[in-house]
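Undergrad: Need coordinates for the below:
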Amino acid sequence: MNHLDVIERFKSLIGTHHVLTSHWNKLPHTKGWRYGSGSALAVLKPGKLVEIWKILEICVEKDFIILMQAANTGLTGGSTPFGNNYDRPVVVINTMRIDHIHIIKGGNQIVSLAGSTLYSLEKKLKPYGREPHSIIGSTSIGASIVGGVCNNAGGSLVQRGPSYTQMALYARINKAGNLELVNELGINLGSTPEEILENLQNKNYQESDIPETDKLCSDNKYSQIVREIEMNSPSRFNSDTRLLYGASGSAGKIAVFAVRLDTYISPKENKVFYVGTNNTDVFWKIRRDILSKFKTLPTIGDYLHRDCYDAAKKYSKDTFLVIERLGTTFLPTLFELKRRVDITAKKLRFLPDNFSDRLMQFLSNFFPNHLPKRMEKFRNLYEHHWIIEMSDEGINEAREYFSKIFRDNSGDYFECNNFESKKASLHRFVSASAIGRYHLLHSKRHGEMMSLDIAFPRNEKNWFEKLPKEINDMLEMKLYYGHLFCHVLHQNYIVKKGIDCEKLKSKLLKMYDKRGAEYPAEHNVGHEYSAKLSLRKFYKELDPTNTFNPGIGRTSKNKNWD
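TA: Predicted coordinates:
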C-alpha cells in the first residue's frame, strides 16, 4: 500500500516541504549516525507541539509504528528504523524544528521542548552564570536535551551522573490503544491536550503557575554513589531501575514534548591536570584517593589509551581542527553536510563509498601537528593518559596531591595552561570518532567494527582489559577510552576478516557478566544490545501496544509484543 491519502493529510497538516518521502531525502533520518538503518513510509518534521499531537492521532488511527527522533546522534541505532521487518508501516517524527528553551526559577531550572539542543542551552544559560547537565561530548555534536533524558545519557561530568528528571510532558498509548497526554511538568497549562501544548509552546504561563514540588529534575544521589569505592556494583548504567521514570530512560517508547531539568552553577575557575603512567594500578590508587579523600569531586576525568591517542591524532584530526577553528556551532552543520555529500556521491558511481570521510582524511594530511609538545612527550613516555579537570577549591587539593603521589609511584603529571587544556579535552572528545574513520577507510582489509560501553563495579581493581590470547588473536585493532572515575570504559574493536562479530561479542559480554559489569553504561541499548529484564518491563509499561520504537533492545517488533 502506498498510503497516498495519509501522506496528503500529513502535508496539509505541516506543509509539503516538511513531509519527506523520497529515499534520498529520508536517508539522513533513516540511517543511524554510526549504527543501523531501515525504511520508513515518511519522515515528518513538525514545527509545533500541537502538530506532533495531531500526527500521533493520525498514526494511531492508521495503526502506524511511531519513531520519535531528534538530532539522530545516538551511537547504537535507537533513533532510526532498524531493518525492514516491521509488521506495520513506520513513520519517523523528527522534532528538531521545535527548539524552544524556557528559563524558569531564575535560571535554576529550564523547560526544554522536544528539539532543543545542549549547545543552545549552554549559550542560553551563560548570562545566568549556570551550566546544563552536559558541557562536552554530546553538546558539541548537536545532541538534543530530550534525547539525553530518554537515553539516561551519562556524559563526562563526574559530579552530575546520568541525565534524569521526573518532570516531563509526553504522549503514550494505553492498553486500550488510545492516545493520552501525560502532564508531569508541574506547570498549570490547561486541560485539553491542544490547550496544554499551545500554552507550553508559547510560554503562556507565569511563575505562579509552577507550584513547589518534591519531584526531581536531576539525579541528586550520584555524587555520593560515585564516591562509594568499595561497592561491588557500577555507579551508573542504563538498566538501573533507580533512574527509570516516565521520560527518563524511555528510549522512544513514548512521545516526549518537553522535559524540566535543573541547571548548575558555573565554576569560577577550572584547571586540567594531565596524568600519565605505565602501571594501571597507579590510576586505580589515584581514583580511589580522589573519590574517597577529596572534598571537591573532579569536574571531568577522562581516560585515553596511547593507541587511541595515536588513532585520534591521525583519524580525528579534521574534526579536531573544525571544532578548534570554527567552533562547536559549526559541527552539526558539518555532519549534515557530510551526509548530503555522501548521498550525492552515491548517485555518482565513479566516486567511492564514504566519499566525505575519504576527502576530509586526505585534506587533514596537509595540516601540521595540532597537539602540544608536553602531550606528545607524555605519549612517548606513557601508555595510559588521564585528563582530570578540577574546579575552584578542588584545584589546590589536586595540586597538593599530584605533587606528592609520584614520589612513590611510577608516572608523572603536568598542570595544563589554557592552550593545553583546550587541546587535551578536545583530543579526548574527538577520539570517539577515530575507530569509525579507520574502519571506513580500511574496510576491504578487515572485518566488522564493534564498540562496547561497559560500566565496571566501583571496587574493580583490574579496570583495564586484558583479553585471553584466543580472543585477542581475532582482533585487528583495539581502542580504549572512557570516564575513569565513573568506571565507564568505551572499548572499541575491529575484528579480523572472517570472524563472526556477534559470537565474539557474546563471549566478551559473558566475561563482563562474570565480573559484575553492566552494559550499556550510557549509550542506551538501541538495537545493538539486548535490553535486560528491568528495561523490558519498563518499556512494556510505557508502551503496552508496542507502537513506539518497537524492537528497541532487541525486543519484539510486533504489535502488542506478540
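Undergrad: From now on I want contacts and neighbour counts done on CA atoms only, so please keep to that.
TA: Fine.
Undergrad: would you list every one of the strands in the stretch 451-562 of the chain?
TA: For the stretch 451-562 of the chain, the strands defined by DSSP state E, counting those that start in this stretch occupy 475-483, 488-495.
Undergrad: Same question for the stretch 301-450 of the chain.
TA: Using DSSP E, counting those that start in this stretch, strands in the stretch 301-450 of the chain cover 384-391, 412-415, 449-455.
Undergrad: Show me the one of those strands that comes nearest Y401.
TA: strand 412-415 (10.9 Å; CA to CA).
Undergrad: so for the closest one, what's the average pLDDT?
TA: The average pLDDT for strand 412-415 rounds to 98.
Undergrad: in its sheet, what does that strand sit against?
TA: Counting by DSSP bridges, the strands paired with strand 412-415 are strand 270-277 (antiparallel).
Undergrad: quick one: contacts of the strand it pairs with?
TA: 283, 378, 382-392, 395, 410-417, 421 (CA atoms under 8 Å, 6 or more residues apart in numbering).
Undergrad: Narrow these to just the buried residues.
TA: Buried members of these, counted by 16 or more other CA atoms under 10 Å: 283, 378, 382-391, 395, 411-416, 421.
Undergrad: among the helices and strands of this protein, which has the poorest mean pLDDT?
TA: Lowest on mean pLDDT, DSSP states H and E among the helices and strands of the chain sits helix 331-347, with a mean of 75.
Undergrad: Which stretches in the stretch 301-450 of the chain count as helices?
TA: In the stretch 301-450 of the chain, the helices defined using DSSP state H, counting those that start in this stretch lie at 306-315, 317-326, 331-347, 355-364, 373-381, 393-405, 418-430, 434-441.
Undergrad: Need the winner for burial among the ones you listed.
TA: Mean neighbours per residue, mean count of other CA atoms under 10 Å, is largest over the helices of the stretch 301-450 of the chain for helix 306-315, with a mean of 21.
Undergrad: by contact count, what packs against that one?
TA: helix 418-430, helix 434-441, strand 475-483 (3 or more CA pairs under 8 Å, 6 or more residues apart in numbering; DSSP states H and E).
Undergrad: Can you lay out these as TSV showing distance to G190 and mean pLDDT?
TA: Below are the helices and strands packed on helix 306-315 laid out as TSV (distance: least, CA to CA, whole Å; pLDDT from 0 to 100):
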stretch	distance to G190	mean pLDDT
helix 418-430	43	93
helix 434-441	48	90
strand 475-483	43	95
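Undergrad: which residues touch stretch 186-196?
TA: Residues outside stretch 186-196 that contact it (CA under 8 Å, 6+ apart): 50, 53, 167, 181, 197, 199-200, 204-205, 209-211, 213.
Undergrad: Also stretch 171-183?
TA: By CA under 8 Å, 6+ apart, stretch 171-183 touches 53, 56-57, 60, 168-170, 193, 253-257, 542-545, 547.
Undergrad: Next, the distance between the ends of stretch 360-375.
TA: 24 Å (CA to CA, to the nearest Å).
Undergrad: who's in contact with that stretch?
TA: Contacts for stretch 360-375 (CA under 8 Å, 6+ apart): 313, 315, 317-318, 321, 420, 423-424.
Undergrad: again, only using 10 Å
TA: Identification of contacts with stretch 360-375 by CA atoms under 10 Å, 6 or more residues apart in numbering yields 274-276, 309, 313-321, 324, 338, 355-357, 376, 379, 381, 385, 413-414, 416, 419-421, 423-424, 427, 437-438, 441.
Undergrad: Point out where the stretch 251-400 of the chain drops to low pLDDT.
TA: Applying pLDDT under 70 to the stretch 251-400 of the chain flags residues 327-332.
Undergrad: and if you look at the stretch 1-150 of the chain?
TA: Residues of the stretch 1-150 of the chain meeting the criterion pLDDT under 70: 1-2, 136-142.
Undergrad: quick revisit: buried among the contacts of stretch 171-183? Make that a ChimeraX selection.
TA: Entered in ChimeraX, the line below selects the buried ones among the contacts of stretch 171-183, by 16+ other CA under 10 Å:
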select :53,56,60,168,169,170,193,253,254,255,256,257,542,543,544,545,547
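Undergrad: The contacts of stretch 171-183 in strands, which ones?
TA: Taking DSSP state E as the definition of strands, the contacts of stretch 171-183 contribute 168-170, 255-257.
Undergrad: can you name the two of those that are farthest apart?
TA: Most distant of the ones in strands among the contacts of stretch 171-183, by CA to CA, are A168 and A255, 10.5 Å apart.
Undergrad: any shared contact partners between these two?
TA: By CA under 10 Å, 6+ apart, the residues touching both A168 and A255 are A247.
Undergrad: quick one: the strands in the stretch 101-250 of the chain?
TA: With DSSP E, counting those that start in this stretch as the criterion, the stretch 101-250 of the chain has strands spanning 101-104, 109-113, 130-131, 168-173, 179-183.
Undergrad: got these as CSV, with distance to E528 columns?
TA: Formatted as CSV, those follow (distance: least, CA to CA, whole Å):
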stretch, distance to E528
strand 101-104, 32
strand 109-113, 28
strand 130-131, 32
strand 168-173, 25
strand 179-183, 29
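Undergrad: coming back round to it: tell me which of the strands of the stretch 301-450 of the chain sits nearest to S235.
TA: Closest among these, using CA to CA: strand 449-455, at 7.6 Å.
Undergrad: Distance from the closest one to the middle of the chain?
TA: Here strand 449-455 shows a centroid-to-chain-centroid distance of 13 Å under the convention CA atoms, centre = their mean, to the nearest Å.
Undergrad: sorry, back to before: TSV please, covering the ones in strands among the contacts of stretch 171-183 and showing distance to I135.
TA: Formatted as TSV, the ones in strands among the contacts of stretch 171-183 follow (distance: CA to CA, whole Å):
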residue	distance to I135
A168	22
L169	24
Y170	26
A255	25
V256	22
F257	23
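Undergrad: How is the residue nearest to I55 when sequence neighbours are not counted assigned, secondary-structure-wise?
TA: Distance criterion CA to CA, 6 or more residues apart in numbering; nearest residue to I55, sequence neighbours excluded, is F10 at 7.2 Å. Using DSSP: H, G, I helix; E, B strand; the rest coil, the structure places F10 in helix.
Undergrad: go on, A40?
TA: coil.
Undergrad: where's it relative to D562, distance?
TA: 21 Å.
Undergrad: likewise S316?
TA: Taking CA to CA, one finds S316 at 44 Å from D562.
Undergrad: Give me the more crowded residue out of those two.
TA: A count of neighbours by other CA atoms under 10 Å puts S316 above the other of S316 and D562, at 26 against 8.
Undergrad: Tell me who's in contact with that one.
TA: 309-310, 360-361, 364, 427, 429-438.
Undergrad: Out of the strands of the stretch 451-562 of the chain, flag the one nearest H18.
TA: strand 488-495 (36.8 Å).
Undergrad: That closest one vs strand 449-455, what angle?
TA: Between strand 488-495 and strand 449-455, the angle comes out at 160 degrees (axes from the mean of the first three to the mean of the last three CA atoms, to 10 degrees).
Undergrad: What helices and strands are in contact with strand 488-495?
TA: Other helices and strands packing on strand 488-495, by 3 or more CA pairs under 10 Å, 6 or more residues apart in numbering; DSSP states H and E, are strand 300-305, helix 434-441, strand 449-455, strand 475-483, helix 501-514.
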